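Asks: Could you work out the structure for the sequence below:
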Amino acid sequence: MRSNPSSFPERIELVGEGLVLRDWTEGDLGAMPALFDHPDVAYWTPIVSPFDDAAARARLDLVRRLRAEGTTILLAVTVDGGAPLGEVMVRRAPEGTEIGYVIGPAHRGQGLAARAVRVMAAYAFAELGVERVILELEAENAASVAVATKAGFTLLDVPLITGEEKGRPFALQTWGLERP
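Replies: Residues are numbered from 1 along each chain as shown. Sure, this is the predicted structure:
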């Protein structure tokens, strides 16, 4: 059954591809710095850096506010519903329904990002009723290009999204995955 298009469920748990994507909780605050306080995360994402205990509290508050506003769902990526290994997002945006992800440095190389993206895309197709999901990433981010490819996305022929974040310019490619 599809959700009201303007709101998201209060609680979400998605299971698939050997993963459990679940809501962030107070119990995750201590694990967040190890996932997000890393030069790669600081460089490629808008997540604040340095990422400390105060940043973790602010992120949990942001996660809850964005869900309540009906714009964005941010879920912890786990293998069993336990310890978070990263984060996956789905966001309603003017340019499309966007998926994003971050996997903690200690947990990379296991295919977690591509699997989490596929599970979140399936949710967006089934529950949000979208026809396409997108990834926005920099061509120089080889790891994210590999995730996009492994998850079945193709590069779309649309203009680059340019801007500046954390004092550096960026140019984002848009990759798309159509509803099966």
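Asks: any low-confidence regions in this structure?
Replies: Within the chain, the stretches with pLDDT under 70 are 1-6.
Asks: any idea which strand is longest in it?
Replies: Using DSSP state E, we find that the single longest strand of the chain is strand 168-178.
Asks: Kindly calculate the angle that whichever strand or helix holds residue 118 makes with strand 168-178.
Replies: Here residue 118 is covered by helix 112-127, with elements defined by DSSP states H and E. Relative orientation of helix 112-127 and strand 168-178, computed by axes from the mean of the first three to the mean of the last three Cα atoms, to 10 degrees: 50 degrees.
Asks: Mind listing what's buried along helix 112-127?
Replies: Using 16 or more other Cβ atoms under 10 Å as the burial criterion, the residues of helix 112-127 that qualify are 112-125, 127. (Glycine included, C-beta is placed from N, CA and C.)
Asks: Helix, strand or coil: sort out the closest residue to residue 70 other than its chain neighbours for me.
Replies: Nearest non-adjacent residue to residue 70, counting by Cβ to Cβ, 6 or more residues apart in numbering: residue 7, 4.7 Å away. Recorded secondary structure, residue 7: coil (DSSP: H, G, I helix; E, B strand; the rest coil).
Asks: which strands and helices sit next to the helix holding residue 118?
Replies: strand 13-16, strand 19-23, strand 72-78, strand 86-93, strand 96-103, strand 132-138, helix 142-150 (3 or more Cβ pairs under 8 Å, 6 or more residues apart in numbering; DSSP states H and E).
Asks: Select, out of these, the one closest to residue 163.
Replies: Nearest of those to residue 163, taken as Cβ to Cβ: strand 132-138 at 10.7 Å.
Asks: Good, wrapping up.
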